[in-house]
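*Asks:* Fold the following, please.
(chains A and B)
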Amino acid sequence: MENSKRNNRGIEENTMAILDASGVKDAQDVDDDRLSFLEAVRASSIVPESGTAPTGKMLGAIFQILKDGKSLELTMASYQLLNALDKHFPRVYLSHSDKSKLSSTKQFELVVKEAWSPFVLGSEGVYSGREAAVKHSSEPLDSFGFHLLIQDIAQVANGANFQVFDTKPLGDMLAFQYLVNVLEGDFLPRNTAYRETKNWALLRESMLNMILEAFLLLISGGKGEGFQTRYNVQGSRRISYKSLIKDCVSIISNRCYLHAGFSLYDLKTPEESSAKTIHSCDAAVSIALVELGKGTCTAVQKLLVLIMELDMSKKQADMQGCTTRADGVRTPLVEIILDELTYNEDLLSPFFQAFSEPKWKLEMILQYFWKYITKPSVRTRRSNNSSEDATFGGVLKCFSNGTNTKSIIKKISTEVSQLLLAHAFQAYLSLQHSVEDIADSREDIGGSSVVQICESMISAFHNLRRMDEDVEIMPLAKEALFTAATILSTKS
Amino acid sequence: MIRDGSVVRCNEVHFLVGVVIEQNVCELLGLVKLVHIFIQTKRKSDIPALRNKQLDVINDVADLPHPNAQNEFLNYVCILGHQMEEISSEDDISLWGLHVFGNQKTPPPLVFPELGSCMLLQSVMNNELNSVLEIRAEKGETFLTGLLINGWLSKLVSTRGHVEEIVATWSFNLMLYSSKEELRTSACDFWCAILPSKNEVDLPSVKLDWLPSYAELKRALEIYGFLLDSSINNSSMSEMVCTDSNSEGPPQNIRTWFKFLAACCQVRSARTIFSTSEAEELAGLIIWLLLDRQLQGLSLLLYECMLSVINFFTDKEWNISCKNVAESLAYRIPKDMNCLRIVECISGISTRSKHLRSVVAFRILVNCFDGKVTDAEDILKMLMSVNVKDKKCDFFKMYIYLVLTENWLLADPLLVNKTMIFEMWGVCLRNCSCQISSTDLRSYASKVRNKASYLLQSTVSR
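*Replies:* Here you go, the predicted model:
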């Protein structure tokens, strides 16, 4: 053990020396050295059968190269290396103990390694890391640095305006994707272990929870207030949990990658090629932009799903009395998103168009409906065991008679109803597919069969049309109905 | 105008204002500014961007009203080009990078009027529900496009368990040739969803009336402008200026091409789309594409694709296929920094990619010695015999040998117990690290020394 530690230090010294910028060097040489450094870490940690994990200092240096975003080559290489290293040397993982072979119950042990993290966590991060967050400097990120990063990306996504040689936005996007991967790698095994053991402390100590808690600390704590005013002075940027989520929703809804980085290299049909489509855009950056933009949207979605899973586990822990006052009270993410979508109805369609994770997509839509369907007891009931009313089948039942339908479309327009029904149906079918894959059971999640759901979908739209004669059925809804009809004709 | 190769100044550009329209001057000024930045930083990675900018400026020339103005202007841009060229050849630190894509060709048509008569639509058109849906055969393509974009189509075909030929070819062409991001990615998602089987060994879950073949994928790449025998990129700037490179470089569809290829390789148990030799060729191709700087931003995609392709082979096939892939690459690769790039871009993250990395490095090394030595011991003897004190010693070559040898020795299973080889390697490294003086200013001398002492240190600590 002692020996391997000394060994590690030797490797660290030797490898870090590559980055040593003493001597006369131009920019190209510095870049070259950084590349050789990355390659050296790969060669000593990943390629050999029993590679040694890089030290915290080395990992910090790689993360710094990623954050700097100096050139596309460096950014891509550092991002790839960090992810490969995390996969090779996970910080948190579940080990299956040998007992599980004997007993029928699964037995996990959660292994948490003490390792470098790109985040500064806990309360010391709130105060000591603030300078770092403001300056985007070389320290690991705290919650605010994380939020600033998301804000930067959201601004780029809004403007979609790239400078010819600016690789910084690409660096931001990849740094963000990496951070979400880190959060995920830390959270998922903890959540699995929590479900087995009901030990809330496992999740309380997850990076994700600690980052979100830091936002609460900021709002309630006295020192935090001073900090917040300081931030507001720093420009028009407001830091809060809600505005973080707002930024996330806007990144997803914008789907900036659909409109980014094109023209110069698009295939042209003969008629088009005469049209002038040349833009000053670095070829490599323009090709990368779409892919990385898309990856960023996926990462934002992943982050939201992780928070929603955390909320769910926390609610469970609350009910079992495992949480304490120190845990703080956070508004569930689904509620924040739904508020944002209600307030900003233009986002509704693009958000659900882009949000593809079926479980939470369906959950959000169902909760949206239940806000407007008058059934007072339903919300308390659904928190315990999923009663039938809280399922998609339950919502469709509300559209099965004229009076109910009328009262719903009075509160939410026919258009929104159509949109939500179609998206919910789609999410329902996706879930259905994954259920079939696992168990090959045609049983529905929540009671009714696929055939029943399809029939109810069609009758719901008949009712919508009866209530509102002039209603135009939207293309998305037509496609949903077409799918329902096809399923009915093949399954019955 | 400026013949002695001195740097063009901004005010000299204003000299041209009389003959060119203002917008072009702005563009040209932008270019001059970039050249100046380049002169200061000498960052070679800026060169491709500079070239693009230059092309932009040249493309605008066509709009100039007078032929005289056009000539004057072109002249000027050419001078700038030569200046860039001179600077980039000033110091001889070379960079990797090949010109893998040339001019694009015309893609096949994407309009399929017969789509309206496909069974998928017909089955519902006769349904009473069509009074609401109002699908008509002539609008069939629009409706199917909606189904594709919004993700219904994969659900529909997996319900029906069947994809008709017309739907398959239509979506395949959209995936590889549509210039609309939404269409090509939805089509790619569709194909990636229908290709796999339900469980690992099962029969395919969806019956496909048409499956693309290797030839189709290859053809797409050629339409994207892929140069089969892509020669070395050191094509000079002036050459670049003179060719009409309106659509050089791959289109965005290259991304869906990679994803689709990866998906095809992953479903071998359910559908065999490629033969073993075709897969070998594809593996070589993917690695080759990593040499194009334009595709740097897609390297993650390329790495994933590479892993899928090398996992395509069965364990039995792998040893031979790995050698074949390595040999074809080694045979084609120019003996410069590209050798190192090609080895380093094989990630070494899985057992097979480690193996491939080692074999490729070995094959290139053999090729570097013109095949005169093929045995591990002989190669190391050769390296040991290099006299680094010799005035004529080629340090650039030595640098390449060092990196290649390191990568080869790192993961060659045949050498595990041959301590002699590693001792020889140690001697070679000591030669380089101790015998090159730190005041040796010849290019690459210090790089060789630093590399060798790093490698020496790390073999000791290992």
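
*Asks:* pLDDT-wise, which helix or strand of the chain ranks last?
*Replies:* Using chain A. Lowest by mean pLDDT, DSSP states H and E among the helices and strands of chain A is helix A:270-273, with a mean of 40.

*Asks:* that answer is for a different chain, and I need it for chain B
*Replies:* helix B:237-242 (a mean of 32).

*Asks:* Quick check: next helix or strand after that one?
*Replies:* Downstream of helix B:237-242, the next assigned helix or strand under DSSP states H and E is helix B:253-266.

*Asks:* Residue ranges of each domain in chain B, please.
*Replies:* As assigned by automatic domain parsing, chain B contains the domains B:2-93, B:332-462.

*Asks:* Mean pLDDT lowest where, among those domains?
*Replies:* Of all these, the minimum mean pLDDT falls on domain B:2-93 (a mean of 61).

*Asks:* Test my guess that A:A193 contacts A:E205.
*Replies:* No: A:A193 is beyond contact range of A:E205, at 11.4 Å (criterion: Cβ atoms under 8 Å). Where C-beta positions appear, they are placed from N, C-alpha and C, glycine not excepted.

*Asks:* For the residue of the stretch 151-300 of chain A found nearest chain B, pull up the helix or strand it's in.
*Replies:* Closest residue of the stretch 151-300 of chain A to chain B, Cβ to the nearest Cβ: A:A288 (2.0 Å). A:A288 is part of helix A:283-319, with elements assigned from DSSP H and E.

*Asks:* how distant is that helix from the center of its chain?
*Replies:* Relative to its chain's centre, helix A:283-319 lies at 1 Å (Cα atoms, centre = their mean, to the nearest Å).

*Asks:* pLDDT averaged over the next helix or strand after that helix, what's the number?
*Replies:* Proceeding N to C from helix A:283-319, the next assigned helix or strand is helix A:333-343, under DSSP H and E. For helix A:333-343, the mean pLDDT works out to 94.

*Asks:* same for helix A:333-343, what does it pack against?
*Replies:* On a contact count with 3 or more Cβ pairs under 8 Å, 6 or more residues apart in numbering or on different chains; DSSP states H and E, helix A:333-343 meets helix A:241-254, helix A:283-319, helix A:358-372.

*Asks:* At which residues are the strands of the chain located?
*Replies:* Picked chain A for this. Remark: strands assigned in chain A by DSSP state E are A:92-96, A:108-112.

*Asks:* Actually, chain B is the one I wanted.
*Replies:* Using DSSP E, strands in chain B cover B:162-163, B:207-208.

*Asks:* Mean neighbour count, these: which tops it?
*Replies:* Mean neighbour count (mean count of other Cβ atoms under 10 Å in any protein chain shown) peaks for strand B:162-163 among these, with a mean of 20.

*Asks:* contact partners of that one?
*Replies:* Residues from elsewhere that reach strand B:162-163, judged by Cβ atoms under 8 Å, 6 or more residues apart in numbering or on different chains: B:157, B:194, B:206-210.

*Asks:* so how many other residues sit close to the residue of the stretch 151-300 of chain A closest to chain B?
*Replies:* The number of residues packed near A:A288 is 28, by other Cβ atoms under 10 Å in any protein chain shown.

*Asks:* May I ask you to confirm that it is in contact with A:L170?
*Replies:* Yes: counting by Cβ under 8 Å, A:A288 does reach A:L170; the two are 6.2 Å apart.

*Asks:* returning to what we had before: what's near enough to touch the residue of the stretch 151-300 of chain A closest to chain B?
*Replies:* Per Cβ under 8 Å, 6+ apart, neighbours of A:A288: A:72, A:170, A:261, B:296-298.

*Asks:* And the pLDDT at it?
*Replies:* 84.

*Asks:* can you check A:C454 too?
*Replies:* 94.

*Asks:* Tell me how many other residues crowd it.
*Replies:* For A:C454, using other Cβ under 10 Å, the count is 26.

*Asks:* what's the distance between the closest residue to it other than its chain neighbours and B:V206?
*Replies:* Leaving aside its sequence neighbours, A:C454 sits nearest to A:A484 (Cβ to Cβ, 6 or more residues apart in numbering or on different chains; 4.0 Å). Distance, A:A484 to B:V206, using Cβ to Cβ, to the nearest Å: 20 Å.

*Asks:* Which one of those two is surrounded by more residues?
*Replies:* Neighbour count, other Cβ under 10 Å: between A:A484 and B:V206, A:A484 has more, with 25 against 19.

*Asks:* shouldn't that one be in contact with A:S459?
*Replies:* No: A:A484 lies out of contact with A:S459 (Cβ under 8 Å); the separation is 10.1 Å.

*Asks:* how many degrees apart are the helix holding A:A288 and helix A:333-343 in direction?
*Replies:* 120 degrees (axes from the mean of the first three to the mean of the last three Cα atoms, to 10 degrees).

*Asks:* Pull out the buried positions in helix A:283-319.
*Replies:* Of all the residues in helix A:283-319, those buried under the rule 16 or more other Cβ atoms under 10 Å in any protein chain shown are A:283-314, A:316-317.

*Asks:* B:V403 is in contact with B:A452, isn't it?
*Replies:* No: B:V403 is not in contact with B:A452 according to Cβ under 8 Å; the separation is 10.6 Å.

*Asks:* Make TSV out of the helices and strands packed on helix A:333-343 and add distance to B:E327.
*Replies:* Below are the helices and strands packed on helix A:333-343 laid out as TSV (distance: least, Cβ to Cβ, whole Å):
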stretch	distance to B:E327
helix A:241-254	46
helix A:283-319	30
helix A:358-372	47
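
*Asks:* if you count what's nearby, which of A:A193 and A:E205 comes out ahead?
*Replies:* Per other Cβ under 10 Å, whichever of A:A193 and A:E205 has more neighbours is A:A193, with 20 against 15.

*Asks:* residues in contact with that one?
*Replies:* Neighbour list for A:A193: A:94, A:108, A:110, A:199, A:202 [criterion: Cβ under 8 Å, 6+ apart].

*Asks:* Alongside chain A, which residues does the stretch 101-250 of chain B contribute?
*Replies:* Contact residues, the stretch 101-250 of chain B versus chain A (Cβ under 8 Å from any Cβ of the partner chain): B:104, B:106-107, B:109, B:120, B:123-124, B:127, B:129, B:132-135, B:143, B:146-147, B:150-152, B:155-156, B:158-160, B:177, B:179, B:181-182, B:185, B:198-199, B:223-224, B:246-247, B:249-250.

*Asks:* at 6 Å instead, please
*Replies:* Where the stretch 101-250 of chain B comes near chain A, counting by Cβ under 6 Å from any Cβ of the partner chain, the residues are B:107, B:124, B:127, B:129, B:133, B:146-147, B:150, B:152, B:155-156, B:159-160, B:177, B:179, B:181-182, B:249.

*Asks:* Quick one, which of the residues you listed are buried?
*Replies:* By 16+ other Cβ under 10 Å, those give B:107, B:124, B:127, B:129, B:133, B:146-147, B:150, B:152, B:155-156, B:159-160, B:177, B:179, B:181, B:249 as buried.

*Asks:* mind listing which of those are in helices?
*Replies:* When these are checked against helices (DSSP state H), the matches are B:124, B:133, B:146-147, B:152, B:155-156, B:159-160, B:177, B:181.

*Asks:* Pipe those residues into JSON lines and attach pLDDT per row.
*Replies:* Below are these laid out as JSON lines (pLDDT from 0 to 100):
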{"residue": "B:V124", "pLDDT": "83"}
{"residue": "B:L133", "pLDDT": "83"}
{"residue": "B:G146", "pLDDT": "95"}
{"residue": "B:L147", "pLDDT": "96"}
{"residue": "B:W152", "pLDDT": "95"}
{"residue": "B:K155", "pLDDT": "92"}
{"residue": "B:L156", "pLDDT": "93"}
{"residue": "B:T159", "pLDDT": "88"}
{"residue": "B:R160", "pLDDT": "88"}
{"residue": "B:Y177", "pLDDT": "95"}
{"residue": "B:E181", "pLDDT": "89"}
